[in-house]
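# next input, structure requested:
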Amino acid sequence: MKTLTVKLPDALFFEIAGQARARNISKSDVVRERLAGHGVRPAAKRGRTSLWDRMKDLVIDSDTLPRNLSSDKKHLKRYGQNRAHR
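Coordinates of the predicted model:
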């Protein structure tokens, strides 16, 4: 396989990096898919990404949260108190 170095606009780089991270594949794989036509976006969406696409790497996986977060009262202890009064 040959190597090609390309300069990309920041927005496109971050879109490719985010998609690679979300799918757990390399950025090169994402670029190869797009060049092969498998990841081509409709013309109406080119240059724009949804808010979810831009933020999905920031969303907390529900498996990492405590199961009793909403029912265990100790999670609510001191909720709403002013931090300056600690």
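
# tell me where the protein is predicted with low confidence.
Applying pLDDT under 70 to the chain flags the ranges 38-47, 60-66, 69, 75, 82-86.

# break down it into its helices, ranges please.
10-23, 27-36, 51-55 (DSSP state H).

# flag every buried residue along the longest one.
Read it as helix 10-23. Of the residues in helix 10-23, those buried by neighbour count under the rule 16 or more other C-beta atoms under 10 Å are 15, 16, 18, 19, 20. All C-beta spots, glycine's among them, are computed from the backbone N, C-alpha and C.

# okay, those residues in TSV with distance to residue 2 next?
Formatted as TSV, those follow (distance: C-beta to C-beta, whole Å):
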residue	distance to residue 2
15	24
16	19
18	26
19	23
20	20
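
# ok, so of those residues, who is nearest residue 72?
Ranked by distance to residue 72 (C-beta to C-beta), the buried residues of helix 10-23 are led by residue 18 at 33.8 Å.

# how close does the residue nearest to the closest one when sequence neighbours are not counted sit to residue 15?
Once flanking residues are discounted, residue 18 sits nearest to residue 57: 5.7 Å by C-beta to C-beta, 6 or more residues apart in numbering. Distance, residue 57 to residue 15, using C-beta to C-beta, to the nearest Å: 11 Å.

# then residue 30?
Note on residue 30: its distance to residue 15, by C-beta to C-beta, is 9 Å.

# what do you get for residue 6?
14 Å.

# do residue 71 as well
With C-beta to C-beta as the criterion, residue 71 and residue 15 are 39 Å apart.

# and residue 76, by the same measure?
39 Å.
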